[in-house]
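K.L.:
The following block contains a protein sequence and its predicted model.
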Amino acid sequence: MVAGVTEIPLTWSLVVPVKVLAHAKSRLAGLAGPARSALALAMAADTVSAAAACPAVAAVIVVTDDEAASSALGALGALVVADEPAAGLNPALAHGAAVAAARWPGSGTAGLAADLPALRPDELDRGLRAAAQFAEAFVADASGTGTTLYAARPDTAFRPRFGPGSASRYRQGGAAEIMLADVPSLRSDVDTPADLRHATSLGLGPRTAVLAAQLA
């Protein structure tokens, strides 16, 4: 940095892929029953709300073909785009990243899991600010095997590798692992009832909290 010149922090376009709700969160079926789709939407809405409130986030892009999710998440300020590839999680992320790069070419691009109902804007902010120091970076989930956040600077190709075992793929691909001790909500994605109990202990977002209380 040149002396006397203030460095402008990097801002981010955050891509959040959301499955068609009828197919989402199958491992929560035993707990949530017919409320499973509503629970998936509540978690996505709490995730998007927290992301939109993060100082480092310039835009939230939701990629989904679900009408209810499109309406609810668009109302929260997200740019909603159709899942034109309709080819799975990583193609959806790449599509959203291409939209983001065209509209906000000066921002970094990050992919964020849609099932982080305890997410805190300040914790996401810390994760993104740490990621800005590297060409590519990621945050592993609480188990250390999956991934909740992947980020690429604006001068770096966006190469999402989400899915089971994704943390090792990011490590092997040269992405820097962000290992902050104070971002538990950023690492707490929810796939199982045990995950939901853990997220509840951190403090759920308001929409998920209502449903979780009913299920309890």
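P.N.:
Sure thing, it's come through. Numbers count the residues shown, from 1 in each chain.
K.L.:
Mind checking what secondary structure residue 110 has?
P.N.:
Judged by DSSP: H, G, I helix; E, B strand; the rest coil, the three-state class of residue 110 is strand.
K.L.:
surely it meets residue 10?
P.N.:
No: using CB atoms under 8 Å, residue 110 is not in contact with residue 10; the gap is 10.4 Å. C-beta coordinates here come from the backbone N, C-alpha and C atoms, glycine included.
K.L.:
ok, the two, which is more surrounded?
P.N.:
Each of residue 110 and residue 10 has its neighbours counted (other CB atoms under 10 Å); residue 110 has more, 30 against 18.
K.L.:
Quick check: which element contains the nearest residue in space to the more buried one that is not next to it in sequence?
P.N.:
The spatial neighbour of residue 110 that comes closest, neighbours along the chain excluded (CB to CB, 6 or more residues apart in numbering), is residue 151 at 4.0 Å. Element membership for residue 151, per DSSP states H and E: strand 147-152.
K.L.:
List the neighbouring strands of that strand plus their orientation.
P.N.:
Looking at strand 147-152 with DSSP bridges, its partner strands are strand 108-112 (antiparallel), strand 136-140 (antiparallel).
K.L.:
If you count neighbours, what's buried in the following helix or strand past it?
P.N.:
The helix or strand immediately downstream of strand 147-152 is helix 166-172, counting by DSSP H and E. Buried positions in helix 166-172, judged by neighbour count with 16 or more other CB atoms under 10 Å: 166-167, 169-170.
K.L.:
and which of these is nearest to residue 211?
P.N.:
Distance to residue 211 across the buried residues of helix 166-172 (CB to CB) is lowest for residue 166, with 27.2 Å.
K.L.:
Cool, thanks, signing off.
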